[in-house]
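sequence plus the predicted model coming up.
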Amino acid sequence: MILDEKYLATPYRCAVYFVPDIRSSWWQAGSEWLGRCAATGKSMTQPQLTGISSAEQWARTSEPRRYGWHATLKAPFKIRPSENLKSIMSGLQALADKLPAFELPTMQVRTDSGFIALRPKGDLTLINATADACVKELHSYAAPLSKADLDRRRQAPLTPKQDRLLVEWGYPYVFDEFNFHLSLTNKLDDMTGEECAAWVDAAQLHFSNLGACRFDRLALFIEPIRGADFELFDLVEMIK
C-alpha cells in the first residue's frame, strides 16, 4: 500500500506514459537526445549532430524536452478534486496487473504529423490495446476539461470525430485516432527539406544500435506547477 505523503500532493496535471527502463540504453539515448532526464530532473549533454549546431538542437527539442522522454498513453489531465496521486497510482497498479508486457516492434524515425519521432513498424495490436485501456480505465480520475481547455485544444485543426473524442475523453487523439510515438523535435513548420533530412539522418544514427525495447511498465508523470517540466513520478510493472 502506498503510504508516502508525497502521494497525497496535487500537481497541476499528470499523465500516463510509456517509458523504457530508466537503467537502459533506450532511456539514456532518448534523454540525451532531448537534453534532460525526467527521472532526475537534471540536464544532459546532447549528442553532437552532423551539420546541426548545438543552439539549433537545443531550440528544436524544447517541446519534447519539457514533457520528458516518453510515448503518451493517457495525455496530461487535471485531477478530479476527489482524487489524488495515491488513488491514481492505485488505479494504475490495478490496470498494470491486467496488462501483458511485450516487446515493441521495430522503431523507425519518421516525420508523420509534422515533427520527427520514433514510431513502430509492424503489428500495433498490443500497443493500441494498452493505450485504449489507459484512456478508458483511468478516465474517472481526470477532471472534465474547462471551456478554456477546450478552446485551447480546438486551436489545432480537428476533425468532427476528433472533436467528439476531445469532449468525451479529454483528448482528440485516442482510440482510432491514436498513434504511438516518442517525439524527437518540435514542429517542422520552418524547417527546409534539407534541414529536415539532416535531422532525420542524425536521429537514425543516434537510435540505430539500441536493440529491442521492452514495453513492460506504465509511468505516471506530473507537471508540479503550471508550465513546469514534467517529471517521472512513479512506475508500475505490467504482467511479465
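Cool, the structure landed. Residues are numbered from 1 along each chain as shown.

show me where the chain has its helices.
Remark: helices assigned in the chain by DSSP state H are 25-34, 54-60, 62-67, 85-96, 125-137, 147-153, 160-169, 193-206.

now do the last one: everything it contacts.
For helix 193-206, the surrounding residues in contact (Cβ atoms under 8 Å, 6 or more residues apart in numbering) are 29, 33, 47, 49-52, 60, 109, 111, 116, 118, 184-185, 188, 191. All C-beta atoms are positioned from the backbone trio N, CA, C, and that covers glycine.

most tightly packed of the helices of the chain?
Mean neighbour count (mean count of other Cβ atoms under 10 Å) peaks for helix 25-34 among these, with a mean of 21.

output that helix in PDB with nothing but the alpha carbons.
The C-alpha coordinates for helix 25-34 follow below in PDB (Å, rounded to 0.1, in the frame of the first residue of the first chain):
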ATOM      1  CA  SER A  25      20.400   2.400 -23.200                       C
ATOM      2  CA  TRP A  26      17.000   3.300 -24.600                       C
ATOM      3  CA  TRP A  27      16.300   5.700 -21.700                       C
ATOM      4  CA  GLN A  28      19.800   7.100 -21.900                       C
ATOM      5  CA  ALA A  29      19.800   7.700 -25.600                       C
ATOM      6  CA  GLY A  30      16.400   9.400 -25.600                       C
ATOM      7  CA  SER A  31      17.100  11.600 -22.600                       C
ATOM      8  CA  GLU A  32      20.500  12.600 -24.000                       C
ATOM      9  CA  TRP A  33      18.800  13.500 -27.300                       C
ATOM     10  CA  LEU A  34      16.300  15.800 -25.500                       C
END
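
if we can go back for a sec, wait, which of the contacts of helix 193-206 is closest to residue 127?
The nearest member of the contacts of helix 193-206 to residue 127, counting by Cβ to Cβ, is residue 118 at 12.6 Å.
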